[in-house]
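[1] for reference, the sequence and a predicted model appear below.
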Amino acid sequence: MKGSLGLLSLIPICFPVMLYAGKLTVTVTYAPSAVSREETMPETPIKDNYHQVPVLSPEKIWEPEGYYAVLEGTDKGAPVDETAYLRGLSVNRSYFLLKVDGKLLLQNGESFTREFTVIDDTGTVTKEFIVKPNTTAPYTFMRTGTYTFIDNRNPTCKIYVKVLAACVIFPVRGPSLRIDLPVLDPGTYSFKIYYAFRHMFQEDFSMVGDSVQDVSYRITDREVFRSDSTTFTGSRILSRSPVSDRPGPANAPNAGTSQQQP
């Protein structure tokens, strides 16, 4: 009998430990905000006191940079490429967030060549990069860090790229973004939202077993809110204020706060 009990006591050790992946669904809705009145001319019509000629108010300028949803704690998923549109001696956006092995596509819409000097965050020149007329040239980032593209013809025109690792990046490119991750391993994760390089919002959560999370956020007036309709089963979610990342360029956009909807 003792021998039988000894054999039975070893049986549980022979079974493999089963870890069931969870499911994560995230919805982000985005309402673009106009640049503040202090940053532009007054929006009301202006009249001089002599001719009484009305002056048209300038067109509203919307947020020039992009928002990103970032899930830290997993490296699954291919990097998403971003495109910088070169017009004249300028560029449509100045700040881009990419994952290691991701590409920045520089699309030159002009009839002359654009030449850039690429500098990493140590101040070292990594490459002289040329974009021929009416072509698109890709630049692949092999390491993490912050990179600066300086236009050799117009040094005031700069493109900044922050490259991250151990994460998945989802650019917010329209009024709604839906993220479906049907297989997410048990563990601890951080969900962050950036505007350009500005870390605006963060929630940490844990996936336990075959847990399910369905979370909704909205971005409006340069603030991020979590919807009251958030549901989660068998997992834990914890909100906290953003932790400052390593500072980027001095003129990086810094507007916006983080908060949870009451």
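    Right, received. Where do you want to start?
[2] surely Cys167 is in contact with Pro79?
    No. In terms of Cβ atoms under 8 Å, Cys167 does not count as a neighbour of Pro79; the distance is 9.9 Å. (Each C-beta comes from the backbone N, C-alpha and C, glycine too.)
[3] what touches both of these two?
    Taking Cβ atoms under 8 Å, 6 or more residues apart in numbering as the criterion, Cys167 and Pro79 both touch Lys99.
[4] tell me the helices in the protein, going along the chain?
    Residue ranges of the helices in the chain, as given by DSSP state H, are 2-14.
[5] pLDDT below threshold where in it?
    Per-residue confidence for the chain (pLDDT under 70) gives these ranges: 1-19, 35-59, 228-262.
[6] go with 80
    Low-confidence segments of the chain, defined by pLDDT under 80: 1-20, 35-61, 228-262.
[7] what about Gln213, how many neighbours?
    Residues lying near Gln213 (other Cβ atoms under 10 Å) number 24.
[8] my bad, Lys103
    Under the neighbour criterion other Cβ under 10 Å, Lys103 is assigned a count of 16.
[9] same deal with the one 5 residues further on?
    Burial of Asn108 is recorded as 20 neighbouring residues (other Cβ under 10 Å).
[10] surely it meets Asp151?
    No. Asn108 lies out of contact with Asp151 (Cβ under 8 Å); the separation is 11.3 Å.
[11] joint contacts of those two?
    Common contact partners of Asn108 and Asp151 (Cβ under 8 Å, 6+ apart): Arg114.
[12] who's in contact with the closest residue in space to Tyr30 that isn't next to it in sequence?
    Excluding its sequence neighbours, the residue lying closest to Tyr30 (Cβ to Cβ, 6 or more residues apart in numbering) is Ile219, at 4.6 Å. When contacts are counted by Cβ under 8 Å, 6+ apart, Ile219 touches Val28, Thr29, Tyr30, Ala31, Tyr67, Val172, Ile193.
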